[in-house]
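[1] Generate a structure from the sequence data that follows.
(one chain, ligands or ions: 1)
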Amino acid sequence: MKKRVAVVTGGIGGLGTEICKKLAEAGNTVVATDLAARAERVESFKKDVAGLDIHFVPGDVGDFDSCAKVVQQVESEYGAVDILVNAAGITRDGTLRKMERTQWNDVLRINLDGVFNMCRNAVDGMLARGYGRIINISSVNGQTGQFGQTNYSAAKAGMHGFTMAMAREVARKGVTVNSISPGYCETALVMAVPEDVRNKIIDSVPVGRLGKPSEIARTVSFLAAEDAGFITGANIPVNGGLFMSS
Ligand code: CAA
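    Okay, here's the model as predicted:
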């Protein structure tokens, strides 16, 4: 099987790091991208993944030109981008009545514009080569809506609409586009939720616990595989049963 090059945005984050590891274990060359400003986290990431075929290229998914540079740098240093995982995401929770415009704009810019910025810069190469795997990390909260997350729920639901539309546009050219909707996992994002609120959420999860980042990464690796070519425009929930739909 051909060695593929994978780019993971938010690659040094809670889910991102596990996604990088699983994709590398599956035999891919992996490039994590994230803000250069997170220097300390970048250093601990590099230590964590030492010895694996995982690299780091700085970039800001909220900035179109920065995404263009990431794709160019990856292509010149590691090879053409075959797999793109959009895992960069932030929360700026607050009820709508208290939500500042910056909370709305920041979440939409990183979580949704970021997907456009990366896909737009990577798609031409994938189409030209007739191969691509795009995986967008959405959220259960984009399916159900979450109290205090009009911004985040809107961005995550928008991501899935984007996924389905793009999937149709590139389906005949060997490129698949899917989303994954994780539930509440053991990440800093979830740990930032006040403990009492978080415990109530965990109580409502049928499996009775938070998900492990490796359980999300497992699903990414499944969709990124060469023999997943008949799965496109899909959304795979990985949420411990928190939200079930047919
Ligand atoms: N449903 C209905 N009512 C609720 C509620 C809920 N889930 N939570 C709170 N309320 C009620 C409160 O009881 C309160 O009622 P009263 O005014 O009658 O007292 C009212 O709504 C206001 O609530 P708060 O005082 O809690 O409002 P706040 O501004 O202090 O806090 C919040 C709001 C910051 C959004 C807080 O509720 C919160 O942190 N919620 C959790 C949000 C969340 O789940 N974020 C997920 C982050 S992780 C992630 O996003 C990853 C992923 O993809 C899964």
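[2] CA atoms for contacts and neighbours, from now on please.
    OK.
[3] The ligand contacts on this structure?
    By the rule C-alpha under 6 Å from any ligand atom, the part of the chain lying against the ligand is 93-95, 139, 141, 147-148, 183-184, 189-190, 193-194.
[4] Report the lowest-confidence entry in the residues you listed.
    Lowest pLDDT among the residues of the chain next to the ligand: residue 189, with 91.
[5] excluding its backbone neighbours, what's nearest that residue?
    Nearest-residue entry for residue 189: residue 91, 7.1 Å, with adjacent residues in sequence omitted and distances by C-alpha to C-alpha, 6 or more residues apart in numbering.
[6] does the closest residue to residue 228 other than its chain neighbours sit in a helix, a strand or a coil?
    In this structure, residue 228 finds its nearest non-sequential neighbour in residue 222, 7.1 Å apart by C-alpha to C-alpha, 6+ apart. When classified by DSSP: H, G, I helix; E, B strand; the rest coil, residue 222 comes out as helix.
[7] returning to what we had before: when you filter the residues of the chain next to the ligand down to buried only, what's left?
    93, 94, 139, 141, 148, 183, 184, 189 (16 or more other C-alpha atoms under 10 Å).
[8] elements contacting the helix or strand harbouring residue 152?
    Taking DSSP states H and E as the criterion, residue 152 maps to helix 150-170. Using 3 or more C-alpha pairs under 8 Å, 6 or more residues apart in numbering; DSSP states H and E, the elements in contact with helix 150-170 are helix 101-108, strand 132-137, helix 141-144, strand 175-182.
[9] for residue 33, which residues make a bridge with it?
    Judged by DSSP bridges, the bridge partners of residue 33 are residue 9, residue 57.
[10] Could you tell me which residues make contact with it?
    Applying C-alpha atoms under 8 Å, 6 or more residues apart in numbering to residue 33 gives the contacts 7, 8, 9, 10, 11, 12, 56, 57, 58, 59, 70.
[11] Would you mind measuring from it to residue 17?
    11 Å (C-alpha to C-alpha, to the nearest Å).
[12] Which single residue of the protein approaches the ligand most closely?
    residue 148 (3.4 Å; C-alpha to the nearest ligand atom).
[13] Residue 93 - that's part of a helix, no?
    No. Read with three-state DSSP, residue 93 is coil and lies in no helix.
[14] What is the least confident helix or strand in this structure?
    Of all helical and strand segments in the chain, the minimum by mean pLDDT, DSSP states H and E falls on helix 188-191, at a mean of 93.
[15] what's the offset of stretch 110-127 from the middle of its chain?
    Relative to its chain's centre, stretch 110-127 lies at 12 Å (C-alpha atoms, centre = their mean, to the nearest Å).
[16] what is the mean pLDDT for that stretch?
    98.
[17] that older thread, regarding the residue of the chain closest to the ligand, what is its secondary structure?
    coil.
[18] right, and it touches residue 94 too?
    Yes. Shown here, residue 148 and residue 94 form a contact pair, counting by C-alpha atoms under 8 Å, at 4.5 Å.
[19] Nearest residue to the middle of this structure?
    The centroid of the chain falls nearest to residue 87 when counting by C-alpha atoms, centre = their mean (1.9 Å).
[20] In contact with residue 136, which residues?
    85, 86, 87, 115, 159, 160, 163, 177, 178, 179, 180.
[21] who's sitting farthest from the centroid in this structure?
    Max distance from the centre of the chain (C-alpha atoms, centre = their mean): residue 97, 28.6 Å.
[22] Perfect, I'm done here.
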